[in-house]
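Visitor: Whatever this is, show me its structure:
(2 chains)
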Amino acid sequence: MSDIALPAIASPRVRWLRRYGLASFGAAVILAWVLAAIFAPWLTRYDPNFVDVAMRLRPPSAGNWLGTDALGRDVATRVIYGARVSLTVGMVVVLVGALFGTLLGAVAAYARGWAEEGLMRLTDLVFCFPPIILAMAIAAALGIGTVNTVIAMLVVWWPKFARLSRSLVISQRSMEYVEAAQSIGFGPAHILLRQIIPNAVGPLIVLVTLDLGNAILVFAGLSFLGLGTVPPTPEWGSMVGEGRELVQQWWVATFPGLAILTVVMAFNFMGDGFRDWLDPHANRR
Amino acid sequence: MIRYVVSRLVVSVAMVLLATLVIFLIANTVPGDPVLTALGDMAASDPVQVAEFRARWGLDLPLWHQYWLFLERLAHGDLGVSISSRRPVLQDIIDYAPATLELATVAFTLSILVGLPLGVLAAVRRDTVIDHVARAVSLVGVSAPTFWLAFIALAVFYGWLNWAPGPGRLDAVSFPPDRITGLLLIDTALQGDWDTFHDAAAHLVLPSIVLAAATLGLITRTTRAAMLEALSQDYVRVAKAKGLRGRLIVVRHALPNAMLPVVTLGGLAYANLLAGAVMTETVFSWPGLGRYTFRSAVTVDFPAIMAVTAIVAAIFVLVNFLVDMSYALLDPRVVKK
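Guide: Residues are numbered from 1 along each chain as shown, chains lettered A, B, ... in the order given. Reported below is the predicted structural model:
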């Protein structure tokens, strides 16, 4: 801010790279993980659950790139298969949570009056529980398992979308096109779903992208605690959990953790890229 | 101002009450059965023992009656008796809370002391090395799983380099101080036991850095964004035109205006640290509330889960209340609305 001279104007290509380079990189990383998850059986010659005690806790080598765990299973294979659970759970939780929250917030904002008041107080109520604690209580009460953990996460996942979509709809509902649609005679459902929400969808997409990483983190955390997937399902969080006592055999816990880190980072890059794309004036870069 | 405070206070109390109702309903409508967990398969197959157990813990009363009893006891400061530890939940919480409070407070202080200056510097020296460093730090902090960071920290600094002490609050050979507050740093300092003080402080280093990582990332990011926003305002241009020094503009003009979002985030982050210590406490064998909650959840210990969740919700609401109050102080326009 202290230098007065304007920076030299870079070529369009350099500018594009500066703005969207990281986001494209993030998208490439996600794509790579999705492909790995789909084509897992073709990428490795091991079975993720094949136990071979004679091969236990081998350090990374040419045969087992990332070593083997306490039961002699190939860590690289389990990391690749682990992408299936983590990516699926992340997407299900965020998409269903976003859909429910968005609709609720939009309806609240469009309905106004006591309905809005009631719905938003409900949102506040769920908001005052820290997600991981409530999810932990619900997951434990429902019984351990991937589906139950997803349900537990969904219970606490929607409020942020409800809040965002409410504020978006409030800023849209007094626009002229809404008035026009009303005077043409469209019903409230049509106006809300077909007119207002498509106009307000940008910030929601940003939140969804940023939130995917978050959901994967929380699910991995619950699995790490033993409240997510049931063994021997390969899942990154529970793999870190299985290896956390093995400080000497660092490869068992380190690589699944790195997998989580790359995915979450990639979603963050993508979310920031979406935000820049939707709001080129934003001061974020 | 008083009206504002009172109305916010009433809303806060109502929220806590509603929160206890929600957690009560969740705990009671889900299929997990505490009888099975507490008695074991053998005893649970005997109907007499099961009925006796249900009667003793009030599990045979209608739901609304159970909730009323819960509220009545709550009003007397009685949070019920834990099914798994068979001790009053309040006693359990008093035992476990200080460890978490100490850890979370140190972690929070750390993330403010590092995150705030880092965010301000990143905004002022935008697109320089310090900005890139700040971005990398906040990105890793936000993206890395806490439980994994904890493992890496222990593996590297304890297992490999041996620079830091192992898990737990104290070495096995250290004598814990007499309990005054339960906060080891304060208790040892009050009793002049500096060896144990150093031991406790050394044990805090790794877990507090790990716990601070995510909060640090968020605070750095938010501070940077808020400062960039503030620095682009007209009053900053005016200040510059008046010929004020750069540092004065940043500290006296831009920073106070950038504080609002940071305070909101900071308040929530502190409450989240208290709750989010679960992972860190598990890896570092830290005898705090996080591990207590986890154990209660796994054993479906209703009284303990309800008490902890109610307390955490109350802390959240209280912190939100304090954040609202600091808004009113930072930005007088809030009250008039």
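Visitor: Where does the prediction get shaky in chain B?
Guide: Low-confidence segments of chain B, defined by pLDDT under 70: B:27-45, B:54, B:56-60, B:275, B:334-337.
Visitor: quick one, longest helix in it?
Guide: Counting residues, the longest helix in chain B under DSSP state H turns out to be helix B:194-231.
Visitor: What is the distance between the following helix or strand past that one and the centre of its chain?
Guide: Later in the chain than helix B:194-231, the nearest helix or strand by DSSP states H and E is helix B:234-241. Here helix B:234-241 is found 39 Å from its chain centre; the criterion is CA atoms, centre = their mean, to the nearest Å.
Visitor: so how many other residues sit close to the residue of the stretch 101-250 of chain B found nearest chain A?
Guide: Distances between the stretch 101-250 of chain B and chain A by CB to the nearest CB are smallest at B:Trp148, namely 3.2 Å. Every residue, glycine included, has its C-beta placed from N, CA and C. Residues near B:Trp148, counting by other CB atoms under 10 Å in any protein chain shown, number 30.
Visitor: Just give the nearest non-adjacent residue to it, would you?
Guide: A:Gly257 (3.2 Å; CB to CB, 6 or more residues apart in numbering or on different chains).
Visitor: Spell out the residue ranges of the helices in the stretch 101-250 of chain A.
Guide: A:113-127, A:131-142, A:146-157, A:159-173, A:176-184, A:188-190, A:197-199, A:201-224, A:236-243 (DSSP state H, counting those that start in this stretch).
Visitor: Compare the mean pLDDT across those helices and name the weakest.
Guide: Mean pLDDT per stretch puts helix A:131-142 lowest among the helices of the stretch 101-250 of chain A, at a mean of 74.
Visitor: what's that one packed up against?
Guide: Judged by 3 or more CB pairs under 8 Å, 6 or more residues apart in numbering or on different chains; DSSP states H and E, helix A:131-142 is in contact with helix A:146-157, helix A:201-224, helix B:2-29, helix B:255-283, helix B:289-298, helix B:302-330.
Visitor: Of all those, which one is nearest B:Thr105?
Guide: helix B:255-283 (8.3 Å; CB to CB).
Visitor: I'd like to check the angle between the closest one and helix B:194-231, please.
Guide: Put simply, helix B:255-283 runs at 140 degrees to helix B:194-231, going by axes from the mean of the first three to the mean of the last three CA atoms, to 10 degrees.
Visitor: Show me how far helix B:255-283 is from its chain's centre.
Guide: Distance, centroid of helix B:255-283 to centroid of chain: 7 Å (CA atoms, centre = their mean).
Visitor: Stretch B:101-121 too?
Guide: Its chain's C-alpha centre and that of stretch B:101-121 lie 13 Å apart, by CA atoms, centre = their mean.
Visitor: Kindly format the C-alpha coordinates of that stretch as PDB.
Guide: Below are the C-alpha coordinates for stretch B:101-121, written out as PDB (Å, rounded to 0.1, in the frame of the first residue of the first chain):
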ATOM      1  CA  LEU B 101      -9.700 -25.100  30.100                       C
ATOM      2  CA  GLU B 102      -6.000 -24.800  30.500                       C
ATOM      3  CA  LEU B 103      -5.200 -26.400  27.100                       C
ATOM      4  CA  ALA B 104      -7.900 -24.300  25.300                       C
ATOM      5  CA  THR B 105      -6.800 -21.000  26.900                       C
ATOM      6  CA  VAL B 106      -3.200 -21.500  26.100                       C
ATOM      7  CA  ALA B 107      -4.100 -22.600  22.500                       C
ATOM      8  CA  PHE B 108      -6.400 -19.600  22.100                       C
ATOM      9  CA  THR B 109      -3.800 -17.100  23.400                       C
ATOM     10  CA  LEU B 110      -1.300 -18.600  21.000                       C
ATOM     11  CA  SER B 111      -3.600 -18.400  18.000                       C
ATOM     12  CA  ILE B 112      -4.400 -14.700  18.700                       C
ATOM     13  CA  LEU B 113      -0.800 -13.700  19.500                       C
ATOM     14  CA  VAL B 114       0.300 -15.200  16.200                       C
ATOM     15  CA  GLY B 115      -2.700 -15.000  14.000                       C
ATOM     16  CA  LEU B 116      -3.700 -11.300  14.500                       C
ATOM     17  CA  PRO B 117      -0.200  -9.800  13.700                       C
ATOM     18  CA  LEU B 118       0.300 -12.300  10.900                       C
ATOM     19  CA  GLY B 119      -3.100 -11.400   9.300                       C
ATOM     20  CA  VAL B 120      -2.400  -7.600   9.600                       C
ATOM     21  CA  LEU B 121       1.100  -7.900   8.200                       C
END
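Visitor: Contacts made by it with the rest, please.
Guide: With CB atoms under 8 Å, 6 or more residues apart in numbering or on different chains as the test, stretch B:101-121 has contacts from B:130-131, B:133-134, B:137-138, B:183-185, B:204, B:207-209, B:211-212, B:215-224, B:226-227, B:250, B:255, B:262, B:266, B:269-270, B:273-274, B:277, B:280-281, B:286, B:288.
Visitor: what pLDDT does the residue nearest to B:Trp148 get?
Guide: Looking at A:Gly257, its pLDDT reads 93.
Visitor: so of the helices of the stretch 101-250 of chain A, which one's packed in deepest?
Guide: Comparing these by mean neighbour count (mean count of other CB atoms under 10 Å in any protein chain shown), helix A:236-243 ranks first with a mean of 27.
Visitor: any residue of that one up close to chain B?
Guide: Yes - Helix A:236-243 reaches chain B (CB under 8 Å from any CB of the partner chain) through A:237, A:240-241, A:243.
Visitor: any idea of the angle that helix forms with helix B:255-283?
Guide: For helix A:236-243 against helix B:255-283, the angle by the same axes, to 10 degrees is 50 degrees.
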